[in-house]
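**Student:** sequence plus predicted model, see below.
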Amino acid sequence: MSSKKKIKQINLIPLINIIFLMLIFFMLAGTITTIDPYKIKVPESIIKNDPLTPFLTIIVKKNGEIFIDTKNRKKELQKRNYLEILRARKPNEISLKIDSETPSEYFLKILKILENEKIKKVVIETNYVKQ
Amino acid sequence: MKTHNFYQKEEKELISINITPLIDIVFLLLVFFMLATSFIQKSTIEVNLSSGKTVEIENQKNSVVLILNKKGQIYLNKKLINISNIRNEITNIIEKNPKHKILIKSHKKIAVQKVIRLIEEVRLAGTDNIKLINLEK
């Protein structure tokens, strides 16, 4: 009777151990991603630099459309005159999130605008790829 | 004798904790982290905006012109070059004269990815004197 009872019971402890290990791995090794409303595939980079969190991010889509993203997303994450926001905020540094397939003419155009607006520092967001 | 049995039973019940809700929650947490986390390493490239006027740079004797045409071919001072050789070539040029300025002319239809790769190769060669312009042709 007792041996029959033992067979029916499955030992869940090893399963729990493995699940806990997997949970700890995903919690420590990964970074939680935020949903990108524009689905921008940022360019790949072979140089590893620390990502910055500047106040303003300019988003350039594949078709050259420009959006501005600030910390106050609800109000300003929309297509509008980004120059007005730039001039109002006067940021020292700007992050540029540009799609990797965007034609370079749009890229150079936005750099020229930022240069004219006397922005001191522009960083392009990339994904690091080991060579 | 009877009381003894009662205590034995109670003790056994207290020891066995139902861990099913715990497993449920851990499973939910695991699924959340598996779906929400990403292992892509973020990086950045700083772009130098004020590196002089294009015409001035082009006319200077110590400027290096890198052309990225529509087909993705790269020309270093009008000589076709492979992207893997750019780093060495520019390193050699800079060693001779560290004041050299690099002018990158990219075709307006070429993808940003290729321009960024070129900028990185130049950076890895050891210079930050880069100016980006559109290729007129």
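**Tutor:** Happy to help now that I have it.
**Student:** what about the helices in chain A?
**Tutor:** Secondary structure of chain A (DSSP state H): helices located at A:2-8, A:13-29, A:73-76, A:82-89, A:104-116.
**Student:** can you list those in TSV and add distance to B:Ile93 and mean pLDDT?
**Tutor:** C-beta: built from backbone N, CA, C; applies to glycine. Formatted as TSV, these follow (distance: least, CB to CB, whole Å; pLDDT from 0 to 100):
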stretch	distance to B:Ile93	mean pLDDT
helix A:2-8	77	55
helix A:13-29	42	91
helix A:73-76	44	49
helix A:82-89	37	76
helix A:104-116	23	88
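**Student:** which of those is buried the deepest?
**Tutor:** Compared across those, helix A:104-116 shows the largest average neighbour count, a mean of 18 (mean count of other CB atoms under 10 Å in any protein chain shown).
**Student:** who are the packing partners of the helix or strand containing B:Thr91?
**Tutor:** Here B:Thr91 sits within helix B:83-96, counting by DSSP states H and E. When contacts are defined as 3 or more CB pairs under 8 Å, 6 or more residues apart in numbering or on different chains; DSSP states H and E, helix B:83-96 packs onto strand B:63-68, strand B:74-76, helix B:112-125.
**Student:** so how many other residues sit close to A:Val123?
**Tutor:** Neighbour count for A:Val123, taken as other CB atoms under 10 Å in any protein chain shown: 20.
**Student:** quick one: pLDDT of it?
**Tutor:** pLDDT for A:Val123: 90.
**Student:** got a list of what A:Ser95 touches?
**Tutor:** A:52-54, A:56-58, A:122-125, B:44 (CB atoms under 8 Å, 6 or more residues apart in numbering or on different chains).
**Student:** filter those residues down to the buried ones, ChimeraX style.
**Tutor:** Here is the ChimeraX command that selects the buried residues among these (16 or more other CB atoms under 10 Å in any protein chain shown):
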select /A:54,56,57,58,122,123,124,125 /B:44
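**Student:** want to throw the contacts of A:Ser95 into a markdown table with distance to B:Gln113?
**Tutor:** What follows is the contacts of A:Ser95, written out as a markdown table (distance: CB to CB, whole Å):
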| residue | distance to B:Gln113 |
| --- | --- |
| A:Leu52 | 20 |
| A:Thr53 | 23 |
| A:Pro54 | 22 |
| A:Leu56 | 23 |
| A:Thr57 | 19 |
| A:Ile58 | 18 |
| A:Val122 | 17 |
| A:Val123 | 16 |
| A:Ile124 | 11 |
| A:Glu125 | 13 |
| B:Thr44 | 15 |
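**Student:** so which of the contacts of A:Ser95 are in strands?
**Tutor:** Judged by DSSP state E, the contacts of A:Ser95 include A:56-58, A:122-125, B:44 as members of strands.
**Student:** between those, which is closest to B:Glu89?
**Tutor:** A:Ile124 (24.1 Å; CB to CB).
**Student:** pick out the residue of chain B closest to chain A.
**Tutor:** Here chain B gets closest to chain A at one residue, B:Thr37, 2.7 Å apart by CB to the nearest CB.
**Student:** mind listing what the nearest residue to that residue once chain neighbours are set aside touches?
**Tutor:** Closest residue to B:Thr37 apart from its sequence neighbours, by CB to CB, 6 or more residues apart in numbering or on different chains: A:Gly30 at 2.7 Å. A:Gly30 makes contacts with B:33, B:37-39, as judged by CB under 8 Å, 6+ apart.
**Student:** go on, B:Val65?
**Tutor:** B:58, B:75-78, B:103, B:105.
**Student:** per-residue pLDDT, it?
**Tutor:** 89.
**Student:** partners of it in the sheet?
**Tutor:** Beta-bridge partners recorded for B:Val65 (DSSP bridges): B:Leu103.
**Student:** wait, B:Ile119 sits on B:Glu46?
**Tutor:** No. Using CB atoms under 8 Å, B:Ile119 makes no contact with B:Glu46, being 9.9 Å away.
**Student:** residue contacts, A:Leu83?
**Tutor:** Contacts of A:Leu83 by CB under 8 Å, 6+ apart are A:113, A:117.
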